[in-house]
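Visitor: how would this look folded up:
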Amino acid sequence: MDSLQGLEAQPISNVLWVHVDCVRANDYNPNSVAGPEMRLLYTSIKADGYTQPVVTVKGELDGTYVIVDGFHRYTIMRTYKDIFDRTDGLLPIVVIDKPLADRMASTIRHNRARGKHSIGGMTTIVYGMLTEGISDETICNELGMEPEELVRLKHVSGFSKLFKDVEYKKAWETEKQINYRKNWVES
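Guide: Just a heads-up that it's a prediction; the model follows:
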């Protein structure tokens, strides 16, 4: 019989808020996140809050909680005072009970299950945001993109074809973007 049967047995049903000082990194996670993605994670937590708890196990020697998955969410709280202050330093965690080898496997499963964003999917999202009048700067900030990446996605999406008879500029804008910018400046 599966030991995780029933809602009450699911770790997500038992989220705890513990002080970040009671949580520590494991010493086996091979995952690393580049600077732009860490800034995007900060933006995500700042804009949306903590939407996923950090997965931990109870430390056997010192009683702290050892991270299985969520090291970067933990790092954001330890790095950014505004994020720390929002919850008075309390981090949402769930606790699983697994031996070390199983925890290591869980860490890798969590890391690899995240997947990657396809160019097609990103293109659709960017095109939709552009046609809704969202500024290039806002798109870059909200999606953690560099301006050059946005220009490439505009080209791939066919968005640039709308400007085939227009002199090239560093940033193409839709009519909605121009109106939004005008209204924002006037207000």
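Visitor: contacts and neighbour counts: CA atoms only from here.
Guide: OK.
Visitor: show me the contacts for the residue nearest to the spatial centre of the chain.
Guide: Nearest to the mean C-alpha position of the chain, by C-alpha atoms, centre = their mean, lies Leu41 at 4.0 Å. Leu41 sits next to Arg73, Ile76 when contact means C-alpha atoms under 8 Å, 6 or more residues apart in numbering.
Visitor: tell me the pLDDT at it?
Guide: Leu41 carries a pLDDT value of 90.
Visitor: measure it to Ile83 for me?
Guide: 11 Å (C-alpha to C-alpha, to the nearest Å).
Visitor: The residue nearest to the centre of the chain and Asp48: what is the separation?
Guide: Applying C-alpha to C-alpha to Leu41 and Asp48 gives a distance of 10 Å.
Visitor: which residue ranges form the helices in this protein?
Guide: Ranges of helices in the chain, per DSSP state H, are 35-48, 71-79, 81-86, 100-113, 119-131, 136-143, 147-157, 175-186.
Visitor: okay, those in TSV with distance to Tyr65 next?
Guide: Below are the helices of the chain laid out as TSV (distance: least, C-alpha to C-alpha, whole Å):
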stretch	distance to Tyr65
helix 35-48	21
helix 71-79	12
helix 81-86	18
helix 100-113	13
helix 119-131	36
helix 136-143	31
helix 147-157	39
helix 175-186	47
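Visitor: and this protein, what are its domains?
Guide: Annotated domains of the chain cover 9-113, 119-186 [automatic domain parsing].
Visitor: what stretches of the protein score poorly on pLDDT?
Guide: 1-3, 29-30, 111-118, 157-181, 184-187 (pLDDT under 70).
Visitor: Go again with 50.
Guide: Counting by pLDDT under 50, the low-confidence segments of the chain come to 1.
Visitor: what comes into contact with stretch 137-157?
Guide: With contacts defined as C-alpha under 8 Å, 6+ apart, stretch 137-157 is touched by 36-37, 39-40, 43, 119, 122-124, 126-127, 129, 136, 160-161, 171.
Visitor: buried set for that stretch?
Guide: Ile139, Cys140, Leu143, Gly144, Met145, Pro147, Leu150, Val151, Leu153, Lys154, Val156, Ser157 (16 or more other C-alpha atoms under 10 Å).
Visitor: The residue nearest to Leu4 when sequence neighbours are not counted and Thr107, how far apart?
Guide: Nearest-residue entry for Leu4: Gln10, 6.0 Å, with adjacent residues in sequence omitted and distances by C-alpha to C-alpha, 6 or more residues apart in numbering. According to C-alpha to C-alpha, Gln10 and Thr107 sit 17 Å apart.
Visitor: Which one of the two is surrounded by more residues?
Guide: Taking neighbours as other C-alpha atoms under 10 Å, Gln10 and Thr107 compare with Thr107 leading, 21 against 14.
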